[in-house]
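> Sequence and predicted structure below; questions after.
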Amino acid sequence: MPTAEINGTEIYYEIHGSGFSLVFVHGGYGGLGTGAAPSNPDWLDKFTDDFQVILADRRSSGRSEFPEEPHTMEQFSADIVGLLDQLGHDRAYVWGTSAGGPITIQFGLSHPEMTTSLVVTDTAPWLTEDDDIKARLKERIGILEAEGGDAAYAVRREGGTVGLQLFSASRPAADEAEKQQSEERAAAIRAPLGAIPCEVRIAKYAGELRTYRAYVDWDATETFGSLAKPVLVLYSTGDTVFPDVDWASLAEGHDNITYREYPRAEHGITGAHPEALTEIRQFVRDASPTTAG
């Protein structure tokens, strides 16, 4: 399996197809219950004829190493830089979905010289606007940093798995089919956890909390408009993971930002709307290295 030491951490990655480099930043927060093992996206074959698609498991996620130092959004962004450097690329298209969206935005803000264009789907310029969730996350992160992974994991017995409530609906389901879909998605997240040995669960949960530490106070609401390169934002107004994001206002007045809204669609635009993939593919084609700088 291909890995590279990036900023002191072993990062698992794969390369598919040929053409100008397209880095995909996966969703989930790693660890337990929020995306423990990223898999190749369903759309991959539709892009490999035109692009060299670079898939990587973020630090503390999937097959990459789980380092013990605190994580930051800038560190996640720097990991993309390090991987591109290792692979001999000085620029790339970067597409982030869900939890990968903030990292993609941070990459564009911090490294415009390496950004050809950005695509962000199913995401928000913040983790959550719920102060109670933030407080509970910070409390659990504090236990991890003061007492270690065993203590943070033990608190789960009384305090629950902080973070999973980010995936609960903030609005009632529109119908029984939507309610069932939501329940099935939650069950699929939890199903594999019972087969994981306890010591592995503890290590992965610690990695998840370190990842949340990078997100909990990160907010690009004020800085998003300063992105210099072409940006495509696709958002579902029925998204129950990141509800009620006012992307239209954030994009307004910025000629380099294209915003597309999918009314009442759920989280996961590209799976439910094939036309979204067509739009993404056309967008990155149009934002070629020669025209995007």
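Noted; the coordinates are in hand. What you see is a predicted model, and the numbers here were worked out from it, not measured in a lab. Residues are numbered from 1 along each chain as shown.
> rest of the way, CA atoms for contacts and neighbours
Fine.
> did I read that right, residue 53 in a helix?
No. Counting by DSSP: H, G, I helix; E, B strand; the rest coil, residue 53 is not found in a helix; it is strand.
> what pairs with it across the strands?
On the basis of DSSP bridges, residue 53 is bridged to residue 16, residue 22.
> Local confidence estimate at the residue most central in space within the chain?
What sits nearest the mean C-alpha location of the chain, by C-alpha atoms, centre = their mean, is residue 100, with 1.8 Å. Looking at residue 100, its pLDDT is 96.
> Check residue 194 too.
Per-residue pLDDT puts residue 194 at 68.
> before we move on, what about residue 166?
pLDDT, residue 166: 50.
> next one: the one 5 residues further on
At residue 171, the model reports a pLDDT of 52.
> ranges for the helices of the stretch 151-293 of the chain?
When assigned using DSSP state H, counting those that start in this stretch, the helices of the stretch 151-293 of the chain occupy the ranges 156-159, 176-190, 198-215, 247-251, 269-272, 274-286, 289-292.
> Same check on the stretch 1-150 of the chain?
Taking DSSP H, counting those that start in this stretch to define them, one finds helices in the stretch 1-150 of the chain at 73-87, 100-110, 131-147, 149-154.
> Show me the one of those that comes nearest residue 249.
Taking C-alpha to C-alpha, helix 100-110 is the member of the helices of the stretch 1-150 of the chain nearest to residue 249, at 16.4 Å.
> That closest one to helix 73-87, inter-axis angle?
Using axes from the mean of the first three to the mean of the last three C-alpha atoms, to 10 degrees, the inter-axis angle of helix 100-110 relative to helix 73-87 is 80 degrees.
> quick one on the thing from earlier: make sure the residue nearest to the centre of the chain is actually in contact with residue 25.
Yes. If you go by C-alpha atoms under 8 Å, residue 100 and residue 25 touch, sitting 4.9 Å apart.
> Out of the helices of the stretch 151-293 of the chain, which gets the lowest mean score?
Mean pLDDT values for those show the minimum at helix 289-292, a mean of 51.
> hmm, who's touching stretch 64-72?
3, 9-12, 57-60, 203-204, 207, 210-211, 213-215 (C-alpha atoms under 8 Å, 6 or more residues apart in numbering).
> So for that stretch, mean pLDDT?
When pLDDT is averaged over stretch 64-72, the result is 95.
> Nearest to residue 259 among the helices of the stretch 1-150 of the chain would be which one?
Minimum separation from residue 259 across those (C-alpha to C-alpha) falls at helix 100-110, 14.2 Å.
> Show me what that closest one is packed up against.
In this structure, helix 100-110 makes packing contacts with strand 20-25, helix 73-87, strand 92-97, strand 115-121, judged by 3 or more C-alpha pairs under 8 Å, 6 or more residues apart in numbering; DSSP states H and E.
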